[in-house]
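1. Any chance you can model this:
(3 chains)
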Amino acid sequence: MTETEAFEHPFAKYLRAAMMPHIWCSGCGNGIILNAFVHALDEMQMDLNKLVVVSGIGCIGRAAGYTNVDSFHTTHGRPIAFATGVKLAKPELEVVVISGDGDLFAIGGNHFIHAARRNIGIKVICANNFNYGMTGGQVGPTTPLEALTTTTPYGNIEHPFNLVHLAAASGATYVARWTTLHVRMLAISIKKLLQREGFSFIEVVSPCPEIFGRRNKMRTGLEMMEWFRKASVIENFSDPAKAEITPERIVVGEFVDVEKPTYEKLLHDKMAQILKESED
Amino acid sequence: MAKEKTVLTGVHFMSGDIACAEGAIAAGCRFFAGYPITPATEIAEHIAARMPKIGGVYVQMEDEIASIAAVIGASYAGLKAMTATSGPGFSLMQENIGLAAMTEAPCVIVDVMRGGPSTGQPTLPGQQDVMQAKWGSHGDYEIIALAPSSVQEMFDLTIEAFNLAETYRVPTMVMADEVVAHMWEKLVIPPAEEIKIVNRKRPNTPPEQYLPFMPEDDLVPPMACFGEGYRFHATGLTHDEHGYPQTQSSEAQTKLVQRLCDKIRKNADKIVRFEETMVEDAEILVVAYGIVARAALSAVRKARENGIKAGLLRLVTLWPFPEKHIAKAAEGAKAIIVPEMNCGQMVREVERTAKETSVFHLSKLGEEPPTPMEIFEALRRHSK
Amino acid sequence: MRVEIRFAGFGGQGIIKSGIMTAMAACIYSGKHAVQTQSYGPESRGGACKSEVVISDDEIDFPKVTEPDVLVVMSQHAYNEYAENVKKGGIIILDPDMIPNEKKLEKVKVFRVPATKMAEELGRRIVANVVMLGAFTAITKIVDKKALKEAIKANVPKGTEKLNSAAFERGYEYGGKIAES
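-> From the prediction side, this is the model:
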């Protein structure tokens, strides 16, 4: 055995080697997000036996399978609803949803706002690549106005969601946005996400040069990252309502970080109260 | 903390919906996710009152899609889980019922059938979802569906549904109807130790050797749950024994999907349940289920009093369909009457299996199930 | 012997509950076989509703009522719908204040019990159905008085037992009187 063969990547234990190679295009930001997630797990020395990663359908949906923990790849739009069942059944587990903008905010939007409202203690990381990449680049709930996609060939006329505003308004207790350019901040933010008790959300603005970028004058990952670099401004705890993503401006940073009793805690307390009353 | 009793042993006067809820609790159900819908709401209401007192979880989700998704999640986290709905909600659940079949998540879905299609007649009974139970999700798969015809069976068959779901790792349905669900009748709940409870097979291999979708001889893989150190993957994509996606392999597709069908088909003799009354010498047969089977029983008795050699075969499992038994019972019969509260659903299965024997459908829609007199008239007409 | 009873009126009158209490009295407190079924509209209050009870010494196959021996009716709408469907030789017990227009019916005995008025006199209109149950018990003797009182106790909200018991007794007394005459 040569020395190179004996070398094991320090993060190998976090990933399922049997699932590699991954399906993601070159220049895609999903690998950066997974990398930041794994960094956070490593820095926190997370108990991998108590972590569940759930994803929906879309390119980033494969992340659940790539992570070497208990993982479930649900139907399109339903990872949050599935994760709610896991978390309420076994509150001691850390349950993380990693999915895309279409999965979480179009087909699955209803589940997102209600899980946030209930303050279910699940953690949601959204890769926002502005379109449906896996199906070839159709318009989605975050596609910017006038952007070209295969189903908006004359320019998008739908107003996009401002995800951090939506999350904050729905009741999420931790809300942040980063781009894949902000790798260190993203990893730090994911650590915070994992440390919070309540419903927590990070939007990661992520490049999709092969499918979205090439129709919108950003043919390579580098060009998309260049956009992120020029447009992004860090404004921590600014008003999420004013954090719309435009070609000129991407406000990143933490928007919300508050404490509020989780559904699981209120449920537990309620049970204790009922049992106590029945004893009295 | 002193928890409330889970099995309410004793004699009760109860509605079908409440008996179903008590059956679930007695079976060990500790997770319920649902969305209000007539005529199944009382199941959720009763469970919402009971669960906190026995350490279980009731959660009202934002819709039925979320409800079944949460049920699958809770099942994978190790709890026995259930949802209850009616036609419109049952339709919304179908995609994830396919997910439960594909990922072999034990779970119970109660459908209290009302008049459809669409919003239909919410407070009136129907039997219009029985084919949807079998074929509602896309792709090939098998499920188990039971049809209670009394308050006692709402209790007993809900327990049975959990046992079957756990045994075969398959979504199992209790296909009730509005009459049975809202009817009040005597319910006898036996002592807890007399109730047969089945729990899913657990892996006896260490985590590093565990293959989450490697079946044993009964075609069912042992099931580890989240948080137990097995660190396995499950997906709605076609997968191999590791649970890893195999989206391009014809072999993997054939192997997995065929097994999902075969684990029910090849175990059908063990699963199938039905009840025969005066079938042995019957010249004319009624095949019925749910509330309609009780009208049929009355009609068959009346027919016998009038010298007509009638018999009743009541379906307890709708799916798998008791093919062999229908075929055998049909051999000696001149005709088979199939009364249903739909425009002809299970009758197709009877026609398919009865082969030579003439099969007649008696359809009744709206407020009342077919009356004993209507079925008796059909027996008289076709026995000539 | 199979006896079929239909309670009918509008939502909010306690019609469904009347059926449940009658069936429960026969089944749990008298050892007979009994089953209650119901039908109701989309309205929580005010819609037409009926509650049906079958009582038998033998196991009950078909649980629905086809031709009732007894109709207990508390609204004009329900009366119009069901009065003619009562079995020959059967009984109709009605609240005349709720049913101003009666049809000419043959071969049924009609008993008029001003249950709503009597309930108002007791202070709560809501117990009219229990007054009716008292009269029903005295007139038909299908279910034992003690059994029905037990069933009522088991089904009414805590704190209202006394009121309901008084309502039942009022109806029972009135029913007894008109049954004799």
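2. To what extent is residue C:13 buried, counted in neighbours?
-> 26 (other Cβ atoms under 10 Å in any protein chain shown). In this view, the C-beta of every residue, glycine as well, is placed from N, C-alpha and C.
3. now do the one 5 residues further on
-> Applying other Cβ under 10 Å, we find 27 other residues in the vicinity of residue C:18.
4. mind checking the backbone torsions on it?
-> Torsion angles at residue C:18 (phi, psi; degrees, to the nearest 10) stand at phi -60, psi -40.
5. Show me the shaky parts of chain C.
-> By pLDDT under 70, the low-scoring segments of chain C are C:43-45.
6. what's next to the helix or strand containing residue A:110, contact-wise?
-> Assigning secondary structure by DSSP states H and E places residue A:110 in helix A:109-118. Residues outside helix A:109-118 that contact it (Cβ atoms under 8 Å, 6 or more residues apart in numbering or on different chains): A:77-78, A:80-81, A:83-84, A:104-105, A:122, A:124, A:141, A:166-167, A:170-172, A:199, A:201, A:263, B:61-63, B:66, B:69.
7. The closest residue to chain C within the stretch 51-200 of chain A and residue A:55: what is the separation?
-> Here the stretch 51-200 of chain A gets closest to chain C at one residue, residue A:110, 25.2 Å apart by Cβ to the nearest Cβ. Here residue A:110 is placed at a distance of 18 Å from residue A:55 (Cβ to Cβ, to the nearest Å).
8. Looking at these two now, which is surrounded by more residues?
-> residue A:55 (29 against 17).
9. wait, isn't that one in contact with residue A:63?
-> Yes - assessed by Cβ atoms under 8 Å, residue A:55 is found in contact with residue A:63 at 5.7 Å.
10. Please enumerate the shared neighbours of those two.
-> In contact with both residue A:55 and residue A:63: residue A:98, using Cβ under 8 Å, 6+ apart.
11. Quick one: buried ones out of the contacts of helix A:109-118?
-> Neighbour-count burial (16 or more other Cβ atoms under 10 Å in any protein chain shown) is assigned, among the contacts of helix A:109-118, to A:77-78, A:80-81, A:83-84, A:104-105, A:122, A:124, A:141, A:166-167, A:170-172, A:199, A:201, A:263, B:61-63, B:66, B:69.
12. Which ones among those residues map onto helices?
-> Among the buried ones among the contacts of helix A:109-118, DSSP state H puts A:80-81, A:83-84, A:166-167, A:170, A:263, B:66, B:69 in helices.
13. and the lengthiest strand in chain B, is it in reach of chain A?
-> Longest strand in chain B by number of residues (criterion: DSSP state E): strand B:107-115. No - Strand B:107-115 lies out of reach of chain A by Cβ under 8 Å from any Cβ of the partner chain, never closer than 9.9 Å.
14. Is there proximity between that strand and chain C?
-> No - judged by Cβ under 8 Å from any Cβ, strand B:107-115 and chain C are separated, with a smallest distance of 11.7 Å.
15. Check the offset of whichever helix or strand comes after that strand from the chain's centre.
-> Using DSSP H and E, the helix or strand that follows strand B:107-115 towards the C-terminus is strand B:121-125. Its chain's C-alpha centre and that of strand B:121-125 lie 20 Å apart, by Cα atoms, centre = their mean, to the nearest Å.
16. quick one, strands of the chain?
-> You didn't say which chain, so I picked chain A. Going by DSSP E, chain A shows strands at A:51-55, A:70-73, A:94-100, A:123-128, A:131-132, A:138-139, A:174-179, A:200-205, A:232-234, A:250-257.
17. Correction: the question concerned chain C.
-> Under DSSP E, chain C gives strands at C:2-10, C:33-40, C:48-56, C:70-73, C:90-94, C:108-112.
18. what angle do the fifth one and strand C:108-112 make?
-> Per axes from the mean of the first three to the mean of the last three Cα atoms, to 10 degrees, the angle that strand C:90-94 makes with strand C:108-112 is 20 degrees.
19. Spatially central residue for chain A, please.
-> Closest residue to the average C-alpha location of chain A: residue A:125 at 1.6 Å, with Cα atoms, centre = their mean.
20. Could you check how far that residue is from residue A:34?
-> The value you get for residue A:125 to residue A:34, if Cβ to Cβ is used, is 10 Å.
21. could you dump the ones in helices among the buried ones among the contacts of helix A:109-118 to a markdown table with distance to residue A:245 and pLDDT?
-> As requested, those are exported to a markdown table (distance: Cβ to Cβ, whole Å; pLDDT from 0 to 100):
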| residue | distance to residue A:245 | pLDDT |
| --- | --- | --- |
| A:80 | 22 | 98 |
| A:81 | 27 | 98 |
| A:83 | 26 | 98 |
| A:84 | 28 | 98 |
| A:166 | 12 | 98 |
| A:167 | 14 | 98 |
| A:170 | 18 | 98 |
| A:263 | 30 | 98 |
| B:66 | 28 | 98 |
| B:69 | 29 | 98 |
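22. Closest to residue B:204 out of those?
-> Taking Cβ to Cβ as the measure, residue B:204 lies nearest residue A:83 of these, at 28.7 Å.
23. ok, the closest one touching residue A:94?
-> No - the pair residue A:83 / residue A:94 is not scored as a contact, 10.7 Å apart, by Cβ under 8 Å.
24. Need the residues touching each of those two.
-> residue A:52.
25. Count the neighbours of residue 207 for me.
-> If you meant another chain, say so; for now it's chain A. 29.
26. my bad, chain B
-> 13.
27. Tell me the spacing between it and residue B:138.
-> On the measure of Cβ to Cβ, residue B:207 and residue B:138 end up 33 Å apart.
28. so what's the backbone phi/psi at the residue of the stretch 51-200 of chain B found nearest chain C?
-> Nearest residue of the stretch 51-200 of chain B to chain C, counting by Cβ to the nearest Cβ: residue B:184, 4.1 Å away. Backbone torsions for residue B:184, taken as degrees, to the nearest 10, come to phi -110, psi 130.
29. Grab the nearest non-local neighbour of it.
-> What sits nearest to residue B:184 in space, not counting adjacent residues and going by Cβ to Cβ, 6 or more residues apart in numbering or on different chains, is residue C:36, at 4.1 Å.
30. Can you tell me who that neighbour pairs with across the strands?
-> Counting by DSSP bridges, residue C:36 forms beta bridges with residue B:184, residue C:53.
31. tally of neighbours for it?
-> 29.
32. Show me the longest helix that occurs in chain C.
-> Under DSSP H, chain C gives helix C:161-180 as its longest helix.
33. Please report phi then psi for the residue nearest to residue A:274 when sequence neighbours are not counted.
-> Distance criterion Cβ to Cβ, 6+ apart; nearest residue to residue A:274, sequence neighbours excluded, is residue B:52 at 5.0 Å. When quoted as degrees, to the nearest 10, the phi and psi of residue B:52 stand at phi -60, psi -20.
34. which residues sit in contact with residue B:52?
-> A:267, A:270-271, A:274, B:58.
35. can you pull the buried residues of stretch A:152-159?
-> For stretch A:152-159, using 16+ other Cβ under 10 Å, the buried residues are A:152, A:156.
36. And the contacts of it?
-> Counting by Cβ under 8 Å, 6+ apart, A:139, A:141, A:143-149 sit against stretch A:152-159.
37. Could you pick out the buried ones from those?
-> Using 16+ other Cβ under 10 Å, the buried members of the contacts of stretch A:152-159 are A:139, A:141, A:143-144, A:147-149.
38. Could you tell me how many residues sit around the closest residue to chain A within chain C?
-> Going by Cβ to the nearest Cβ, chain A is nearest to residue C:158 of chain C, at 15.4 Å. Residues within reach of residue C:158, counting by other Cβ under 10 Å, total 5.
39. Distance check, it against residue C:4.
-> 32 Å.
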